[in-house]
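# Turn this into a model:
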Amino acid sequence: MRKTKSDRERGLGWDHRHQRERLLRAHRDGTKCWWCGEPMYKSQKLDADHSIARSKGGTKADRLLHMHCNRSRQDGSRDHLRPALGPQPTATLTTRQWW
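Prediction:
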C-alpha cells in the first residue's frame, strides 16, 4: 500500500500551509468544488489548489478543492475533462436532424 506524501515531501512548505489555512478560514460550507461541482465542507479533506499548476510556474494556492479532485486534476493538463463541465455535446447528426 502506497503512503500519501506529506506537503513537505511534495515540495510544499510554510507558504503553502498558510495559504491553505487562509483559504479554509474564508471558506463557506456548501461552496461548490471547481473540479466536480459538488459542495465542499470543512469536515471533508480539502486541498489548496494552484489554478496555475506549480509545474507551469504557479506559486500561489488560490482555491480549495476536494482532496480527490485535486489529485485528479494533476498538473492542469486535464482541466478540459473536469466533471463539473458535464457531458460534452457530440458532433454527430441523427436522422431526425436531417428532416
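# use CA for all of it now, contacts and neighbours both
OK.
# which residues does the residue lying closest to H50 once chain neighbours are set aside contact?
Of all residues not flanking H50 in the chain, A61 sits nearest, at 4.2 Å (C-alpha to C-alpha, 6 or more residues apart in numbering). By C-alpha atoms under 8 Å, 6 or more residues apart in numbering, the contact list for A61 reads 16, 19-20, 48-51.
# Show me which of the residues you listed is closest to C36.
For the contacts of A61, the residue nearest C36 by C-alpha to C-alpha is D49; the value is 13.6 Å.
# Which strand residues bridge the closest one?
Counting by DSSP bridges, D49 is bridged to R63.
# Grab the most central residue of this structure for me.
Central residue of the chain (C-alpha atoms, centre = their mean): N70, 3.9 Å from the mean position.
# thinking it is in contact with K45, fair?
No: the pair N70 / K45 is not scored as a contact, 10.5 Å apart, by C-alpha atoms under 8 Å.
# No further questions, thank you.
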